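# take this sequence and fold it.
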Amino acid sequence: MALPTNYYVDPATGTDAVGKGAVGDPYLTMQYALDDVGTTHGRDATNGDQMNLVSGTANTLAASLTVTTYGTPSIAAPLVIRGCSSAANDGGVGEVNCGGSYSLFADTGLDSVWLVDLHIHNAGAANIVLLDNYCKVIHCEINDTTGHGIYLDYQAEIRGCHVYDCGNAGIHSNGDGGTISYNFCQNTTANRFNYAISCNGGKSYISRNIISIDGSSVGIGIHSSGDRSNVEHNSIFCSSGSGAGVFANVSGVGGVFVNNVVEGFTTGEGFDFQAPTSLYLAMSNAAYNNGTNYANEGDQIPLMVDDDNETLTASPFVKSGADTFANRFIYFEPADTGNVRTGAYPDGSRCDKGAVQHPGGVIGGPNKRGGKQ
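Next up is the predicted model:
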């Protein structure tokens, strides 16, 4: 696929007028840009369009965005909304203020939208990002809603995001084939997750996420239709709570749970494998200081006799400095306890369990792949 056609939106210096959108002559608002591209420039139905939202001043929504005039994105020609400092793809972060009550898009069945390098927030009770199939949310900061932070459907990709202050699921994948990786989900203020990461789609891949929660929040939940999913190399910490680190209640073939590390669900469960009709493969995980470290183990099938689902006697995380997004690779560095360091499956891989590799480990330093600092 060739590069999409670029347009620019700068809420600080742009002007909403017909035919604008150049880097030196940007639009003022995202909705006007979408409408004018659709009517004046014409949607690029071959390669898609990229709306570059310039950092510095928020685009505050007066209503949820709509593509009624712009047209319908497709897999081959997606609609990309990406932040920038001054030029496309320069790493700058654009800001969308959802006006206290709006989702980003009104079209909840919208496919093939990519959101990159954005800070999207202040949605009130609305779900911040609610989209459908073949959508991506990459390197975005999502916060301030009593609803869902990110809710996507079939073939979702959610990578390298910072998600917090959400009252429902921080990240939810509702269709098959989702990839949720390298995200940092945290309870910080009044709105607390019911699930930091939730999956109701089969054959999904949930890996290298760091989750820091408390209370009744659940770290990762795999639900009834989430069969045959892989949950591996996640680090989940609860300061004290009654939820669960990894919760699975799946019909059919349950899934694979490998190399995850869970601490601190003091009146809850580290790993809870429910649904006796399901078959789970759970091995090489580590649990510490949970009310029950491994619940309903009879519903899983270990790959070998020594499956190394270990119960630790000390914290698996170094916890140096503050538990923040900026310091996440240091705080959640794996501690040298049990088989956490270099004890991941497969034997001999020399990888650490959890989402982060310790300095000097086989990968060489904290694992920063996929995340922005």
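# assign a three-state SS to the residue nearest to residue 28 when sequence neighbours are not counted, would you?
In space, residue 28 comes closest to residue 14 once its chain neighbours are excluded; the distance is 4.0 Å by Cβ to Cβ, 6 or more residues apart in numbering. Heads up, the C-betas are built off the backbone N, CA and C, glycines and all. Three-state call for residue 14 (DSSP: H, G, I helix; E, B strand; the rest coil): coil.
# which pLDDT value belongs to residue 14?
Among the per-residue scores, residue 14 shows a pLDDT of 97.
# any idea how far residue 322 is from residue 351?
26 Å (Cβ to Cβ, to the nearest Å).
# same question, residue 18
When distance is defined by Cβ to Cβ, residue 18 is 55 Å away from residue 351.
# who has more neighbours out of the two?
residue 351 (20 against 10; other Cβ atoms under 10 Å).
# setting the sequence-adjacent residues aside, check what's closest to the more buried one.
residue 344 (4.2 Å).
# repeat for residue 188
residue 164 (4.8 Å).
# verify the contact between that neighbour and residue 187 for me.
Yes: look at residue 164 against residue 187 with Cβ atoms under 8 Å: they come within range, at 7.1 Å.
# shaky segments in the stretch 151-300 of the chain?
Across the stretch 151-300 of the chain, the ranges flagged by pLDDT under 70 are 226, 252-254, 275-278, 297-300.
# what helices or strands is the longest helix seen in the chain leaning on?
As assigned by DSSP state H, the longest helix anywhere in the chain is helix 30-36. Packing partners of helix 30-36 (3 or more Cβ pairs under 8 Å, 6 or more residues apart in numbering; DSSP states H and E): strand 5-9, strand 49-54.
# helices and strands around the shortest one, which ones?
Contacts defined by 3+ Cβ pairs under 8 Å, 6+ apart place strand 5-9 against helix 30-36, strand 49-54.
# what do you get if the cut-off is 10 Å, keeping everything else the same?
Applying 3 or more Cβ pairs under 10 Å, 6 or more residues apart in numbering; DSSP states H and E, we find strand 5-9 packed against helix 30-36, strand 49-54, strand 79-84.
# can I get these in CSV with mean neighbour count and mean pLDDT?
Listed next are the helices and strands packed on strand 5-9 as CSV, based on neighbours: other Cβ atoms under 10 Å; pLDDT from 0 to 100:
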stretch, mean neighbour count, mean pLDDT
helix 30-36, 22, 98
strand 49-54, 26, 98
strand 79-84, 25, 98
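# can I get those in JSON lines with distance to residue 231?
As requested, the helices and strands packed on strand 5-9 are arranged in JSON lines below (distance: least, Cβ to Cβ, whole Å):
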{"stretch": "helix 30-36", "distance to residue 231": "35"}
{"stretch": "strand 49-54", "distance to residue 231": "33"}
{"stretch": "strand 79-84", "distance to residue 231": "29"}
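# of all those, which one is nearest residue 201?
strand 79-84 (22.3 Å; Cβ to Cβ).
# ok now the closest one, how far from the chain's centre?
Here strand 79-84 is found 17 Å from its chain centre; the criterion is Cα atoms, centre = their mean, to the nearest Å.
# helices and strands around it, which ones?
Taking 3+ Cβ pairs under 10 Å, 6+ apart as the contact cut, strand 79-84 packs with strand 5-9, helix 30-36, strand 49-54, strand 94-97, strand 113-116, strand 118-124.
# same thing but at 8 Å, please
strand 49-54, strand 94-97, strand 113-116, strand 118-124.
# most tightly surrounded among the ones you listed?
strand 49-54 (a mean of 26; mean count of other Cβ atoms under 10 Å).
# what's the neighbour count on residue 295?
Residue 295, neighbours per other Cβ under 10 Å, totals 18.
# report the beta-bridge partners for it.
Beta-bridge partners recorded for residue 295 (DSSP bridges): residue 272.
# same question for residue 118.
Beta bridges link residue 118 to residue 94 when assigned by DSSP bridges.
# what sits against it?
For residue 118, the contacting residues are 53, 81-83, 93-96, 140-141, by Cβ atoms under 8 Å, 6 or more residues apart in numbering.
# kindly reformat those residues as JSON lines containing distance to residue 60.
Converted to JSON lines, the contacts of residue 118 look like this (distance: Cβ to Cβ, whole Å):
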{"residue": "53", "distance to residue 60": "12"}
{"residue": "81", "distance to residue 60": "15"}
{"residue": "82", "distance to residue 60": "19"}
{"residue": "83", "distance to residue 60": "15"}
{"residue": "93", "distance to residue 60": "16"}
{"residue": "94", "distance to residue 60": "12"}
{"residue": "95", "distance to residue 60": "9"}
{"residue": "96", "distance to residue 60": "8"}
{"residue": "140", "distance to residue 60": "17"}
{"residue": "141", "distance to residue 60": "16"}
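# from residue 24, how far off is residue 291?
Relative to residue 24, residue 291 is positioned 60 Å away (Cβ to Cβ).
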